[in-house]
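Q: Provided below for reference: sequence and predicted model.
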Amino acid sequence: MTDDSKNTDIKTMDIYGILKQLPHRYPFLLVDRVVELETGKRIKAIKNVTVNEPFFQGHFPARPIMPGVLILEAMAQAAGLLAFDAMGQAPDATQVYYFAGIDGARFKRPVEPGDQLVIEVLIDRVRAGIYKFKAVAKVGSEVAVEADLMCTMRSVG
């Protein structure tokens, strides 16, 4: 009996691979690892949320939670990794990958220190260089945030 469930087209990426693909750096790099990447289809990435994140000092000191906008940013960074892989390129100094829109964002569970945020992003469609994604961020089996994201590459300079 063979195991047909294994897909050899699934890639992973450690922090060094992520740093080669994304221009973000501490404290704004919000993806720690890619555990599954299926070219042109989907990505599953991890953000380990630790108590020493700089935003926890003021959001909120008595009961720290990760700001929703940063969870959306982590989702967009994962989407960027998926898009760069689909395009077969990495960004360079003449191009920036931008948010073009966020629709249907829903915040369903706070994300706290010690949580592991699992980000899943699917490419919904690509038209004229604009990518539309379905994204969800979970802690365990609980949905923390879900949204439709739109991103595009723009020349700068």
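A: Looks like it came in fine. Numbers count the residues shown, from 1 in each chain.

Q: low-scoring stretches of the chain, by residue?
A: In the predicted model, the chain carries pLDDT under 70 at residues 1-8, 157.

Q: who's in contact with Q89?
A: Contact analysis of Q89 by CB atoms under 8 Å, 6 or more residues apart in numbering lists nothing. Backbone N, C-alpha and C define where each C-beta goes, glycine included.

Q: what do you get for E120?
A: Here E120 is in contact with R42, I43, K44, A135, V136, A137, K138 (CB under 8 Å, 6+ apart).

Q: What of L70?
A: Counting by CB under 8 Å, 6+ apart, L70 touches L30, F55.

Q: related to what we said a few turns ago, could you tell me which of the contacts of E120 belong to helices?
A: Among the contacts of E120, no member is found in helices (DSSP state H).

Q: ok, so of the residues you listed, who is nearest A62?
A: A137 (23.8 Å; CB to CB).

Q: Let me see the contact set for the closest one.
A: By CB under 8 Å, 6+ apart, the residues touching A137 are I71, A74, M75, V111, L117, V118, I119, E120, V143, A144, V145, E146.

Q: filter these to the buried ones?
A: Buried members of those, scored by 16 or more other CB atoms under 10 Å, are I71, A74, M75, V111, L117, V118, I119, E120, A144, V145, E146.

Q: With distance to D92 and secondary structure as added columns, please give those in a markdown table.
A: As requested, those are exported to a markdown table (distance: CB to CB, whole Å; DSSP: H, G, I helix; E, B strand; the rest coil):
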| residue | distance to D92 | secondary structure |
| --- | --- | --- |
| I71 | 28 | helix |
| A74 | 23 | helix |
| M75 | 23 | helix |
| V111 | 32 | coil |
| L117 | 29 | strand |
| V118 | 30 | strand |
| I119 | 25 | strand |
| E120 | 28 | strand |
| A144 | 33 | strand |
| V145 | 30 | strand |
| E146 | 32 | strand |
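
Q: Of all pairs in those residues, which one is the farthest apart?
A: V111 and E120 (14.9 Å).

Q: one step back: quick check: of the contacts of A137, which lies closest to E53?
A: The nearest member of the contacts of A137 to E53, counting by CB to CB, is V111 at 10.3 Å.

Q: check contacts around that closest one.
A: V49, I65, M66, I71, L117, A137, V139, A144.

Q: how many other residues sit next to the nearest residue to it once chain neighbours are set aside?
A: Distances taken as CB to CB, 6 or more residues apart in numbering place M66 nearest to V111, at 4.0 Å, with adjacent residues excluded. Close neighbours of M66, defined as other CB atoms under 10 Å, add up to 25.
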